[in-house]
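In: test case, fold it:
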Amino acid sequence: MVALFSYVRGFLSDFLIYSSMLILGIIGLPFAIASKNWAYGIIRLYILTCFAVLRLISNIRVECRGEVPKGNVLVCSKHMSFLDILMLAYYLPRVSFVMKRELIWTPIIGIYGLRIGCVPVSRGGGARTLNTMLRNYEEAPNDVENKQIVIYPQGTRVHPKEIRKYKIGAGFLYEQLKLPCYLVGTNSGVFWPKGSFKRSPGVAVIEFTKLVQPGLSIGTFMSELEIGIETCSNLLIEEVEKVGGK
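Out: Okay, the predicted model is just below:
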């Protein structure tokens, strides 16, 4: 019965979260088009609504650890659920995601994503996708200034402790943009699992765990990237397991 209620809570929270996206997105659209600052403000209002829904219905709270970057940096993060997207978008002051191209055509997400400078990429495009991604950033230097560019090195959501290959795109951006890179771990998938309505109570964390300065080879960077993100994420998951929060 307890398990059933966790799924019911998940379904209800998802309904409210996506309904709020539609309502706030439509109401705020004229303001977002007029001003990028307004676009960020509406996004943060929506995220606060999501946090409130998760807290009230599923008893899920959020926490951010480590030094949050405010300048022009690359952010490479573990990706387990929509929740870690919300957390990064809330805590990073001028966030811009590298996002799947098909999301451009998603109502609200596509419009607001493009408005704040997110860069769409095609899956499995190889070198062509990497070059397009880089060109999109290089052709808009003023837009990139003081922006936190978020990329998910594994390219998709994963289950907690799931082993999945890290893709070279993050290394390519690191080498070409020559930006400092913050590594981010999370345990969000423990509370909001991939592909499930199940929601478990507890504290979902994102942690800015390490800063990698520019100048490393792609191979060295990719090694540090994977070790840093996986170690941090696994420790956060084990922290939950120790207190019986899973």
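In: point out where the protein drops to low pLDDT.
Out: Scanning the chain for pLDDT under 70 picks out the ranges 1-3, 123-145, 245-246.
In: list the neighbouring strands of the lengthiest strand in the chain plus their orientation.
Out: In the chain, with assignment by DSSP state E, the single longest strand is strand 202-212. Here strand 202-212 has these sheet partners by DSSP bridges: strand 60-66 (parallel), strand 181-186 (antiparallel).
In: quick one, which of those is packed in tightest?
Out: strand 181-186 (a mean of 26; mean count of other C-beta atoms under 10 Å). Any C-beta I mention is one placed from the backbone N, CA and C, and that applies to glycine too.
In: quick one: the strands in the chain?
Out: Using DSSP E, the strands found in the chain span residues 60-66, 73-77, 95-100, 119-121, 148-151, 181-186, 202-212.
In: elements contacting the second one?
Out: With contacts taken as 3 or more C-beta pairs under 8 Å, 6 or more residues apart in numbering; DSSP states H and E, strand 73-77 sits against helix 82-91, strand 148-151, helix 169-177, strand 181-186, helix 218-242.
In: pick the most buried one from the ones you listed.
Out: strand 181-186 (a mean of 26).
In: returning to that earlier point: to residue 46, which of the strands of the chain lies closest?
Out: In terms of C-beta to C-beta, the element of those nearest to residue 46 is strand 95-100, at 13.3 Å.
In: that older thread, now distance to residue 22 too, for the helices and strands packed on strand 73-77, in JSON lines please.
Out: Below are those laid out as JSON lines (distance: least, C-beta to C-beta, whole Å):
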{"stretch": "helix 82-91", "distance to residue 22": "15"}
{"stretch": "strand 148-151", "distance to residue 22": "23"}
{"stretch": "helix 169-177", "distance to residue 22": "31"}
{"stretch": "strand 181-186", "distance to residue 22": "26"}
{"stretch": "helix 218-242", "distance to residue 22": "31"}
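In: which one of these lies closest to residue 70?
Out: strand 148-151 (7.8 Å).
In: so what strands line up beside the closest one?
Out: Here, using DSSP bridges, strand 148-151 pairs with strand 73-77 (parallel), strand 95-100 (parallel).
In: turn those into JSON lines, columns for mean neighbour count and distance to residue 56.
Out: Formatted as JSON lines, the strands paired with strand 148-151 follow (neighbours: other C-beta atoms under 10 Å; distance: least, C-beta to C-beta, whole Å):
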{"stretch": "strand 73-77", "mean neighbour count": "24", "distance to residue 56": "26"}
{"stretch": "strand 95-100", "mean neighbour count": "20", "distance to residue 56": "25"}
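In: the ones you listed into JSON lines, with extra columns for distance to residue 235?
Out: Shown next, in JSON lines, are the strands paired with strand 148-151 (distance: least, C-beta to C-beta, whole Å):
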{"stretch": "strand 73-77", "distance to residue 235": "15"}
{"stretch": "strand 95-100", "distance to residue 235": "24"}
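In: in this structure, spot the helix with the most residues.
Out: Criterion DSSP state H: the longest helix present in the chain is helix 2-34.
In: mind listing what's buried along that helix?
Out: Buried residues in helix 2-34, defined by neighbour count with 16 or more other C-beta atoms under 10 Å: 6, 9-10, 13-14, 16-17, 20-21, 24-25, 28-29, 32.
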